[in-house]
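Asks: with the sequence up front, the predicted model follows.
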Amino acid sequence: MSLISVLAMLVILKARVPTVRRSANMGEERKPCCANTFHENFSDLAACHAPSILVRSQRLTLQISRILHAGYFFKTGDTQIIFDPIFESPFSRNCFAYPEVRFNETRIRSLKLDAVFISHFHDDHCSMESLNWIDRDTPIYLYCEFEELRELVQSLGFRNVQSLQVDQEVMIGNFKITPLLALDPEIDTLFHVRVGELNILNVVDSWLDPSIFDRLKQFAPWDLVLWPFQTMRELAVLDPRRAEPAPENLPPEWLDQLALMRPRLVIPSSCQFVHEAWSWYNHALFPITYRQFEIELAVRLPETQVLRLDPSKTVFFEGREPRVGVALDWVKLVEDTLVDYDYRPGQEIPSTSSIAQRFPDLTKQQRDAVRAYCEAGILKRYAELGPTNSGYFDPGRIWTLAVYDSNGIATHFQYRLQADEIKRLHGEIVRPEWMTEILAVKLYAALFEGEALSSIYLRVNDFSGAPEIEDALRSVDVLEDPLIRCLYEGSVASYQKAQLKRILR
């Protein structure tokens, strides 16, 4: 099961992504070999990674431009729609656009969009700060089972917010958009977009449900597939001591699924961000490179063209022969250079103490709020959750919570957990059977500002236990961590609520 699916089952909001602060440690840049050359032939263009494209159809001209991450701008005739708009860098607190971009707020606010489609509730797809730049008369089509999120979007001032349902087609001008069943339908969807004779599959962040495979074969060959190319290691960075190195190849099922569709053109989609320039996550979260994606598709699907589409870059369809298009004028690449990921499974992992020293200290009032939570609030919250699935804590376990200030000094809190019962321990700190480390500034942000798990640099079980403890820990889902459960289990749209509060203040 994917990380997104596990996070989803706990109803954890995913926060992530961006700015292109490329330092020497981010891997070598690949320069575009002919960025200023106009290509009449798409094969030539794809071979040299030129920045934009044109593909032709008999009746309609379709423009597809990349915004950032899973965000795309579609236009045909006078009809303009956007998918999963993100106009922020960083977004989700510490996701910096990769490559680095700037957004023209004035131009974006002047867009007359016919619709915005949002694939799911995670804040890197549904961000109030990005939606705040969109005209309030724009219809918003939202896939989310939580009515609360729809109400939040309405609270931002949008007058027409509609819920999307799987297999229910939406007509916007010449666009026919059908949400399809994803493997985790309680979380997200993917979109079949039809324009004239063209069939486009926007997979967004989804894993495909096998029940849609027949549909994928029915419409083969697809004209374009927007495919999420990166396998994210979000669980591995929580417990790096016990994490196995990730495969640096595409999952075999991805290649099988793409083979069903026989796409003419594939754009490696989503991701498109890194974290802070100093962050060890930059070499731990992203095992697959753009280059590897291209190589493996060339072997399995030699007739399929792979196109890197960086922010602002454009594909036009007006038939089926591609040509270079014109970039968006409201998304600006800071440097038009092709970047790639640099996975280093053997890297030295910095301590939580050293990471804490990179962040500012809290005010006294904020420190008091964090301490109050650790001394009392967490006891009440944990008792509300019920026991874990694994039963690891059922016999009774000692849990140590280490909270680091900006000097890298930890304050330790110890608890005894037994099933759904929790008791704070006083006196001498004893050897833990479970341990959680977190920055005080990040614990405050998670509690009071809605910050998501992906950006709080939480560390689980960074100790060597007795053999029997180590054996037991390897069979426990890291998301059963008591602090993770207390902060995120059952919460919905915490990040968006905090965004909305700031916007309306």
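Replies: Good, I have the coordinates. Numbers count the residues shown, from 1 in each chain.

Asks: can you get me the start-to-end distance on stretch 247-264?
Replies: This stretch, stretch 247-264, spans 27 Å end to end (C-alpha to C-alpha, to the nearest Å).

Asks: then stretch 328-344?
Replies: OK, stretch 328-344 end separation, C-alpha to C-alpha: 34 Å.

Asks: mind listing what's buried along that stretch?
Replies: 328, 330-331, 333, 336-341, 343 (16 or more other C-beta atoms under 10 Å). No exception for glycine: its C-beta is placed from N, CA and C like everyone else's.

Asks: pLDDT, distance to Gly465 and secondary structure added to the residues you listed, as TSV?
Replies: Below are the buried residues of stretch 328-344 laid out as TSV (pLDDT from 0 to 100; distance: C-beta to C-beta, whole Å; DSSP: H, G, I helix; E, B strand; the rest coil):
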residue	pLDDT	distance to Gly465	secondary structure
Leu328	97	53	coil
Trp330	98	53	coil
Val331	98	49	strand
Leu333	96	48	strand
Asp336	90	50	coil
Thr337	91	46	coil
Leu338	93	45	strand
Val339	97	40	coil
Asp340	98	38	coil
Tyr341	98	33	coil
Tyr343	98	28	coil
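
Asks: check those residues and tell me the two furthest apart.
Replies: With C-beta to C-beta as the measure, no two of the buried residues of stretch 328-344 lie farther apart than Trp330 and Tyr343, at 32.7 Å.

Asks: what's the spacing between stretch 211-231 and its chain's center?
Replies: Here stretch 211-231 is found 20 Å from its chain centre; the criterion is C-alpha atoms, centre = their mean, to the nearest Å.

Asks: still on that earlier bit, could I get the buried residues of stretch 328-344 in TSV, plus columns for distance to Ser89?
Replies: As requested, the buried residues of stretch 328-344 are exported to TSV (distance: C-beta to C-beta, whole Å):
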residue	distance to Ser89
Leu328	15
Trp330	14
Val331	10
Leu333	11
Asp336	16
Thr337	16
Leu338	18
Val339	14
Asp340	18
Tyr341	17
Tyr343	22
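
Asks: next SSE downstream of the helix or strand hosting Leu297?
Replies: Using DSSP states H and E, Leu297 sits within helix 290-300. Downstream of helix 290-300, the first helix or strand assigned by DSSP H and E is strand 305-306.

Asks: ok, residues contacting the helix holding Leu297?
Replies: Helix 290-300 has contacts (C-beta atoms under 8 Å, 6 or more residues apart in numbering) with 30, 229, 248-250, 255, 258-259, 266, 268, 304, 306, 308, 338, 340-341.

Asks: in it, which residues are buried?
Replies: For helix 290-300, burial by neighbour count (16+ other C-beta under 10 Å) applies to 290, 292-294, 296-297.

Asks: mean confidence score for it?
Replies: For helix 290-300, mean pLDDT is 98.

Asks: now do stretch 135-142
Replies: Stretch 135-142 carries an average pLDDT of 98.

Asks: run through who's touching it.
Replies: With contacts defined as C-beta under 8 Å, 6+ apart, stretch 135-142 is touched by 109, 111-118, 126, 131, 149-150, 153, 156-164, 170, 177.
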